[in-house]
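Provide a 3D model corresponding to the input given below.
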Amino acid sequence: MSASNMNMNNRVTFYEEKNFQGRSYECSSDCADMSSYLSRCHSCRVERGCFMVYDRSNYMGNQFFMRRGEYSDYMSMMGMSDCIKSVRTIPMHRGQYRMRIYEKDNFGGQMHEMMDDCDNVMDRYRMSNCMSCNVMDGNWLMYEQPQYRGKCMYMRPGEYRNFMNHGMSQGMRFMSMRHINDSYY
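Here you go, the predicted model:
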């Protein structure tokens, strides 16, 4: 089954009020600007699939990972304002996971190839920074703190020479990462 066919099974419904009340918007594909559908968002229900939600349009700004489940007041739970501006579906991946992480921008400094989750880049690889990466296979979440904590960023296959070019703030670095496997779906 192709990635586009798998995305058709994804479905999330956003609600303007807590506890799934008020106006709603059902989404099953990427949406670069949700402001025309809802004025605010305080709860959502992920029926199928995985999604990243963003506090700025065009998939920029702070990102939050959402998997199947009910989020009756997820805005306060995640410390996010009421402004989800865009949403991206995460296709299910079957197969191996591979990513190369680099200590510096533009694939500079130390390089390590990963196929498994890493809860602490400093402990495992003796790297104080991860400033660029090349995702060869699978979908990954990268976190600013060890143990998969703090702000995160969704990484799909591709080259990421400088994380600031992908909506992250200056000085943002990643200290742990995990792949998004089928148990999340």
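
tell me which residue is most central in this structure.
For the chain, the residue nearest the mean C-alpha position is Tyr154 (3.2 Å; Cα atoms, centre = their mean).

so that residue sits against Phe64, correct?
No - with contacts counted by Cβ atoms under 8 Å, Tyr154 stays clear of Phe64, the gap being 9.7 Å. In short, each C-beta sits where N, CA and C put it, glycine included.

let me know the pLDDT of the residue lying closest to the residue nearest to the centre of the chain once chain neighbours are set aside.
Excluding the flanking residues, the one nearest Tyr154 by Cβ to Cβ, 6 or more residues apart in numbering is Met52, at 4.4 Å. pLDDT, Met52: 95.

for Met52, list each beta-bridge partner.
Met52 has these beta-bridge partners by DSSP bridges: Phe65, Arg88.

ok, now how distant is it from Asn120?
Taking Cβ to Cβ, to the nearest Å as the measure, Met52 and Asn120 are separated by 23 Å.

just to check, Gly61 is in contact with Met52?
No - using Cβ under 8 Å, Gly61 is not in contact with Met52, being 11.0 Å away.

who's more crowded, those two?
Between Gly61 and Met52, counted using other Cβ atoms under 10 Å, the more crowded position is Met52 (22 against 16).

tell me who's in contact with that one.
Counting by Cβ atoms under 8 Å, 6 or more residues apart in numbering, Met52 makes contact with Tyr59, Gln63, Phe64, Phe65, Met66, Val87, Arg88, Ile90, Tyr154.

strands of this protein, start to end?
Using DSSP state E, the strands of the chain run over residues 11-17, 21-27, 43-48, 50-56, 60-66, 69-71, 86-90, 98-104, 108-114, 132-137, 140-145, 149-155, 158-160, 176-179.

disregarding residues adjacent in the polypeptide, which is nearest to the residue lying farthest from the centre of the chain?
No residue in the chain has its C-alpha farther from the mean C-alpha position than Gly22, which lies at 26.3 Å (Cα atoms, centre = their mean). Excluding its sequence neighbours, the residue lying closest to Gly22 (Cβ to Cβ, 6+ apart) is Glu16, at 3.7 Å.

just give the number of residues close to the one you found.
Glu16 has 17 nearby residues by other Cβ under 10 Å.

any idea how far Asp123 is from it?
Counting by Cβ to Cβ - Glu16 and Asp123 are separated by 43 Å.

ditto for Asn19
41 Å.

can you redo the strands of the chain as CSV with distance to Ser36?
Putting the strands of the chain into CSV (distance: least, Cβ to Cβ, whole Å) gives the following:
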stretch, distance to Ser36
strand 11-17, 13
strand 21-27, 9
strand 43-48, 17
strand 50-56, 15
strand 60-66, 17
strand 69-71, 22
strand 86-90, 12
strand 98-104, 35
strand 108-114, 39
strand 132-137, 31
strand 140-145, 28
strand 149-155, 23
strand 158-160, 28
strand 176-179, 34
